[in-house]
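Asker: Based on what follows, work out the 3D shape:
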Amino acid sequence: MANLPVQKNTLYVGGLAEEVNEAILHAAFIPFGDIKDVKTPLDQATQKHRSFGFVTFLEKEDASAAMDNMDGAELYGRVLTVNYALPERIKGGEQGWAAQPIWADADTWFERQQQEEEMQRIQAENRAAMQAAEELHRKKMAQDREGEKDEDSEMKDDPMARAEAEVLKQNNSS
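Answerer: The predicted structure follows:
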C-alpha cells in the first residue's frame, strides 16, 4: 500500500458531520487557496454523503497547508481527518466505491485471473515451441556439418571428385 501514488493537490476529508455539504466544505477550506473541486460522494440508498469528501486545490502547496491546518480540526462538532487522497480507481475495486458491495467486482477479478492463466499457458507453449524449433535447427546444422564431412571422405575415395575440387580451387585462386 505504501507504493500507491498520492494526489498531492486532492485531499481526503473524513469525519464530516451529516449537516456538512459541499458548500460548507468549500467554505472551510477556501482560506488555504483556490479550490478546483469539492466532492462528497453520496450513499445511493440514503442520498446522504458518507461522512467523507474530497477537496481538490489548484496548487499542491495550498493542499499541503490545508492538510497541516485542518487535520484534527473541528467542523460542526466533529473532528476531521485530512490526508492526501489516493487515486479513486484503487478504492473498492475497479468501479470505485459507489454503493457496491465489496464482492461486486469478483466476477471481473475471476475473468482477469482466467485470462492471466491463459496468457501464461500460451506463453509457456510458445517457449516450448521455440525451444523445440531451436533444437531442431541445431540438429539440422549438426547433420549438415556431418554431411560435409561425409562429402570430404567420399572425395578421398573418388579420384574424379578430387580432380574437380582441385580445378575449382585453382579457378577460385586465380
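Asker: Work out for me the element the nearest residue to M67 once chain neighbours are set aside sits within.
Answerer: Among residues not flanking M67 along the chain, V82 sits closest, at 4.9 Å (Cβ to Cβ, 6 or more residues apart in numbering). All C-beta spots, glycine's among them, are computed from the backbone N, C-alpha and C. According to DSSP states H and E, V82 maps onto strand 81-85.
Asker: got it, and G147?
Answerer: helix 106-157.
Asker: Just list what that helix packs against, helices and strands only.
Answerer: Secondary-structure packing of helix 106-157 (3 or more Cβ pairs under 8 Å, 6 or more residues apart in numbering; DSSP states H and E): helix 159-173.
Asker: ok so, going back, mind checking the pLDDT average for the helix holding G147?
Answerer: For helix 106-157, the per-residue pLDDT values average out at 80.
Asker: do the same with stretch 72-88
Answerer: 89.
Asker: Now it: buried residues?
Answerer: Applying a neighbour-count criterion of 16 or more other Cβ atoms under 10 Å, one finds 75, 78, 80, 82, 84-85 buried in stretch 72-88.
Asker: right, and the pair among the residues you listed with maximum separation?
Answerer: Taking Cβ to Cβ as the measure, the buried residues of stretch 72-88 reach their widest spread between R78 and Y84, a distance of 20.4 Å.
Asker: Mind exporting the C-alpha coordinates of the strand holding V82 to CSV?
Answerer: Provided in CSV are the C-alpha atoms of strand 81-85 (Å, rounded to 0.1, in the frame of the first residue of the first chain):
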residue,chain,number,x,y,z
THR,A,81,-9.2,13.6,9.4
VAL,A,82,-7.4,15.2,6.4
ASN,A,83,-4.9,13.3,4.3
TYR,A,84,-3.7,13.2,0.7
ALA,A,85,-6.3,11.3,-1.4
